[in-house]
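A.B. asks: Sequence first, predicted model second:
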Amino acid sequence: MQLSNSEEQLMEHLWKLEKAFMKDLLESFPEPKPATTTVATLLKRMIDKNFVAYNEFGNSREYYPLVKKEDYFSKHVNGLIKNFFNDSASQFASFFTTSTNLSQKELEELKKIIDVELQKKKK
């Protein structure tokens, strides 16, 4: 299941805060801040999708994420590779490195990351 753009934005704030009451979430948004009702609607949808849960303290709810940021985005990247690059990580890497205008330094850093992963796989 996927989040809409506005849900994803709200989730970003929740990941950063780890646990938050409505007022904390509203404060984390830049101006112009969304309406409380908008955030409440998004939270309800995200609870229904099992991305968010809450603890109740009297009349207040403290919300927290049920999904880790890394898990959410790795699922997305894997879906992207599967759907747009014929399930080929090398096609994705080729597209990523040629279409994103990476500098030589950035490409060298990517190469280092790949070399480290290759070393781990050899063990």
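C.D. replies: That came in fine, so what should we check first?
A.B. asks: all contacts plus neighbour counts: C-alpha atoms, from now on.
C.D. replies: OK.
A.B. asks: where along this structure do the strands fall?
C.D. replies: 20-21, 52-57, 60-65 (DSSP state E).
A.B. asks: nearest to Glu117, of those?
C.D. replies: strand 60-65 (29.1 Å; Cα to Cα).
A.B. asks: how about the strands of the chain, which one is nearest Gln104?
C.D. replies: Closest approach to Gln104 among these (Cα to Cα): strand 60-65, 37.2 Å.
A.B. asks: Outside of the closest one itself, list whatever touches it.
C.D. replies: Strand 60-65 has contacts (Cα atoms under 8 Å, 6 or more residues apart in numbering) with 11, 14-15, 18-22, 51-56.
A.B. asks: returning to that earlier point: for my notes, please list the strands of the chain in TSV and give mean pLDDT and distance to Asp71 for each entry.
C.D. replies: Formatted as TSV, the strands of the chain follow (pLDDT from 0 to 100; distance: least, Cα to Cα, whole Å):
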stretch	mean pLDDT	distance to Asp71
strand 20-21	96	20
strand 52-57	96	14
strand 60-65	96	12
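A.B. asks: a markdown table for the ones you listed, including distance to Thr100 and mean neighbour count?
C.D. replies: Output for the strands of the chain, formatted as a markdown table (distance: least, Cα to Cα, whole Å; neighbours: other Cα atoms under 10 Å):
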| stretch | distance to Thr100 | mean neighbour count |
| --- | --- | --- |
| strand 20-21 | 35 | 18 |
| strand 52-57 | 33 | 14 |
| strand 60-65 | 31 | 17 |
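A.B. asks: Columns distance to Lys122 on top of those, output as a markdown table?
C.D. replies: Below are the strands of the chain laid out as a markdown table (distance: least, Cα to Cα, whole Å):
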| stretch | distance to Lys122 |
| --- | --- |
| strand 20-21 | 43 |
| strand 52-57 | 38 |
| strand 60-65 | 35 |
